[in-house]
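Novice: show me the folded form of this:
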Amino acid sequence: MNIAPSIELRILDERLRTWGLPTYQSDQAAGIDLFACIDEPLILAPQAPSVLIPTGLAMHMNTHEFCALVLPRSGLGHKRGLVMGNGTGVIDADYMAECFVSVWNRNPPRSDAGGEDASITIRPGDRIAQMLFVPIVRPAFTVVESFSTSSQRGLGGFGSTGVS
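Specialist: Numbering: from 1, shown residues only. Take a look at the predicted model:
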């Protein structure tokens with residue numbers, strides 16, 4: 001079942017036609033990979049400020065029914081320390097400019113394995129992140145003086161359910 005309408009894609013970097021146009025890498029993949037459309041290798045030092053990497057893509061979803069999320073690739077985050085500088089990128093349906101990936105090297109300045117350099121090198125054409133499309137619910141809001149019902153948790157607040 002395919003509930004998502006078609007998305008218009010603009011290819012802004014012709015190298016994507018060689019590296020690979022957006023596609024799902026397996027039959028049940030949740031997201032598409034995003035490529036680093038940079039001209040030369042980029043070295044990310046540990047704990048340095050995040051960097052915006054162009055993807056060479058612009059798109060128009062043209063519906064309020066879903067948005068795109070830019071997330072780290074699991075292996076790069078876990079094995080190499082490459083994560084999103086903004087945690088998760090949200091691309092609204094009406095955004096039509098080039099998509100960028102905010103990358104950050106979360107590694108400590110020296111790795112625990114013998115003081116090796118913990119820098120991360122991103123090369124042109126590397127798959128650095130993934131994009132997922134998710135449905136959006138836009139509820140109506142009603143301003144109230146008190147809630148109409150209560151819950152088991154009630155007004156317990158942040159962290160009130162504990163950890164065990």
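
Novice: when you work out contacts or count neighbours from here on, use the C-alpha atoms and nothing else.
Specialist: Noted.

Novice: any low-confidence regions in the chain?
Specialist: The chain contains residues with pLDDT under 70 at 1-4, 111-115, 159-163.

Novice: and the helices in it?
Specialist: Using DSSP state H, the helices found in the chain span residues 16-19, 74-75.

Novice: closest one to F158 among those helices?
Specialist: Distance to F158, taken as Cα to Cα, is lowest for helix 74-75 among those, at 28.1 Å.

Novice: and the residue nearest the centre of the chain?
Specialist: In the chain, the centroid-proximal residue (Cα atoms, centre = their mean) is V70; its distance is 1.8 Å.

Novice: check contacts around that one.
Specialist: Taking Cα atoms under 8 Å, 6 or more residues apart in numbering as the criterion, V70 is in contact with T88, G89, V90, I91, V101, A129, Q130, M131, L132.

Novice: tell me what the fifth one is bridged to.
Specialist: The reference is to V101. With DSSP bridges applied, V101 shows beta-bridge pairing to I53.

Novice: same check, this time on the fourth one
Specialist: According to DSSP bridges, A68 are recorded as the beta-bridge partners of I91.

Novice: distance of it from N105?
Specialist: 22 Å (Cα to Cα, to the nearest Å).

Novice: higher neighbour count, the two?
Specialist: Neighbour count, other Cα atoms under 10 Å: between I91 and N105, N105 has more, with 26 against 19.

Novice: so the more buried one touches L44, yeah?
Specialist: Yes. Applying Cα atoms under 8 Å, one finds N105 in contact with L44, separated by 6.1 Å.

Novice: what's the overlap in contacts for these two?
Specialist: Between them, N105 and L44 share the neighbouring residues S119, I120, with contact defined by Cα under 8 Å, 6+ apart.

Novice: still on that earlier bit, make a PyMOL selection of whichever of the contacts of V70 turn out to be buried.
Specialist: In PyMOL syntax, the buried subset of the contacts of V70 is picked out as below (16 or more other Cα atoms under 10 Å):
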select buried, resi 89+91+101+129+130+131
